[in-house]
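S.K.: Build me a structure from this.
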Amino acid sequence: ALAGAVAVMARSQSWQETARVYRLNWKSVASVVRRAVEYGLAARNRRPLHHLGIDEVSRKKGHQYLTVIYDLERRVLVWVGPDRTEETLQKFFTGLGRRRCASVRIVCMDMWAAYAKAVRQQLPKAQILFDRFHVVQHLNRALDEVRRAEMRRLSHRERVHFKRCRYLLLKNPWNLSNSEKDRLSTLVRWNSPLIRAYYLKEAFQMFWDMQPPASAEAHLRKWMQTARRTRLKPFKAFVQLLESHLPGILAWTSLRLSNGALEGMNNKIKLVSHRGFGFRNAANFITAIYHCCAKLPLPAWK
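M.R.: Here you go, the predicted structure:
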């Protein structure tokens, strides 16, 4: 049937392109996709959810976001909602129901306060785990703030040595090319606040691989003491952030779970948006995300 062919093509092409191929108005394609998503959401298996991943994805410029919820065990998109507010998550939990909420054991997310508040209210028995990639994002931001401050402080002659070093310092050492390793070896000979910040960044990263949990916790607490004693204000602010979220960060040492798969899903969602040159309203974007990313069953159109 035409509707079935349109629905299949709309998973890999934009609605505009699908409409052009089948000589339809794009609104007709949107209607078919909407019906397919409504059917798929009603017909999909509603298995118990144990490990949830919660993240945000930008909808368009102006700090407009969607909230994306993922089943980390099965690597399946579960739900998408407008905005990134406490009310957004409350809506998801209400739809999930008390019985299914009770089965959730771990929630992995960033350190957005609205998310944490909603999870603590609705899932009091679930373990909150702050995603390692978001923690590292804050760490790298602290390093970059030190770099910018140093570039403003250095003389023009001194600045030449540190020019274009941002990604060199943010890269993981094992990803450096030979020429980048040589340049980094030259930079670290300088007794500069930026190099001290780089060493702090690398020392912190050891936390993620340390075992057993007691050793990892001891390493993190010692690192926090060292960073607190430095004169690097961005790192002192980062330590304060760690202290206020410490239980959810230390949970990594025993759970070893992250939103890495969800980050891949976010990239796919961005592709859906770019393919359609954006969406004017959140409802159409959410429909397109479900259709392309949630692996929903399609109706048996005749």
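
S.K.: Now Ile69: phi and psi?
M.R.: When read as degrees, to the nearest 10, the backbone of Ile69 gives phi -120, psi 130.

S.K.: give me the beta-bridge partners of the closest residue to Gln64 other than its chain neighbours?
M.R.: Of all residues beyond its chain neighbours, the one nearest Gln64 is Ser58 (7.2 Å), with distances taken as C-beta to C-beta, 6 or more residues apart in numbering. (Glycine included, C-beta is placed from N, CA and C.) Beta-bridge partners for Ser58, by DSSP bridges, are Tyr65.

S.K.: From Glu86, how far off is Ser58?
M.R.: Using C-beta to C-beta, to the nearest Å, Ser58 is found at 19 Å from Glu86.

S.K.: ditto for Ala149
M.R.: In terms of C-beta to C-beta, Ala149 sits 35 Å off from Glu86.

S.K.: ditto for Val8
M.R.: For Val8 relative to Glu86 (C-beta to C-beta), the value is 38 Å.

S.K.: Please apply the same query to Val135.
M.R.: Val135 is 22 Å from Glu86, by C-beta to C-beta.

S.K.: Of the two, which one has the most company?
M.R.: Val135 (23 against 17; other C-beta atoms under 10 Å).

S.K.: now that one: how far from Arg100?
M.R.: Here the criterion is C-beta to C-beta. By it, Val135 lies 28 Å from Arg100.

S.K.: Pull out the buried positions in stretch 197-204.
M.R.: 197-198, 200-201, 204 (16 or more other C-beta atoms under 10 Å).

S.K.: From the contact counts, what lies against the longest helix along the chain?
M.R.: Ranked by number of residues, the top helix in the chain under DSSP state H is helix 132-153. On a contact count with 3 or more C-beta pairs under 8 Å, 6 or more residues apart in numbering; DSSP states H and E, helix 132-153 meets helix 156-162, helix 166-170, helix 193-205, helix 233-244.

S.K.: Please name the nearest non-neighbouring residue to Val21.
M.R.: Met9 (6.7 Å).

S.K.: Isn't the one you found up against Thr18?
M.R.: Yes - using C-beta atoms under 8 Å, Met9 is in contact with Thr18, at 4.8 Å.

S.K.: more crowded one of those two?
M.R.: Comparing Met9 with Thr18 by neighbour count (other C-beta under 10 Å), the higher total belongs to Thr18, at 24 against 18.

S.K.: isn't the more buried one right up against Ala30?
M.R.: No - the criterion here is C-beta under 8 Å, and Thr18 misses it with Ala30 at 9.8 Å.

S.K.: got any ranges where the protein has weak pLDDT?
M.R.: In the predicted model of the chain, residues 62, 157-158, 161, 191, 302 satisfy pLDDT under 70.

S.K.: redo that, cut-off 80
M.R.: Along the chain, the parts satisfying pLDDT under 80 run over 60-63, 154-164, 186-191, 261-264, 276-278, 302.

S.K.: how about the strands in it?
M.R.: Using DSSP state E, the strands found in the chain span residues 51-60, 64-71, 76-82, 106-109, 127-130.

S.K.: JSON lines for these, including mean neighbour count?
M.R.: Output for the strands of the chain, formatted as JSON lines (neighbours: other C-beta atoms under 10 Å):
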{"stretch": "strand 51-60", "mean neighbour count": "21"}
{"stretch": "strand 64-71", "mean neighbour count": "21"}
{"stretch": "strand 76-82", "mean neighbour count": "20"}
{"stretch": "strand 106-109", "mean neighbour count": "24"}
{"stretch": "strand 127-130", "mean neighbour count": "23"}
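
S.K.: Format those as a markdown table; extra columns: distance to Trp174.
M.R.: A markdown table is the format used below for the strands of the chain (distance: least, C-beta to C-beta, whole Å):
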| stretch | distance to Trp174 |
| --- | --- |
| strand 51-60 | 26 |
| strand 64-71 | 28 |
| strand 76-82 | 31 |
| strand 106-109 | 25 |
| strand 127-130 | 24 |
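
S.K.: between these, which one is nearest to Tyr167?
M.R.: Relative to Tyr167, the nearest member of these by C-beta to C-beta is strand 51-60, separated by 21.9 Å.

S.K.: what angle separates that closest one from strand 76-82?
M.R.: Relative orientation of strand 51-60 versus strand 76-82 (axes from the mean of the first three to the mean of the last three C-alpha atoms, to 10 degrees): 40 degrees.

S.K.: wait, Met109 sits on Lys117?
M.R.: No - in this structure Met109 lies outside contact range of Lys117 using C-beta under 8 Å: 11.5 Å.

S.K.: contacting residues for the nearest residue to Thr226 once chain neighbours are set aside?
M.R.: Once flanking residues are discounted, Thr226 sits nearest to Leu200: 7.3 Å by C-beta to C-beta, 6+ apart. Applying C-beta atoms under 8 Å, 6 or more residues apart in numbering to Leu200 gives the contacts 143, 223, 226-227, 230, 232, 235.
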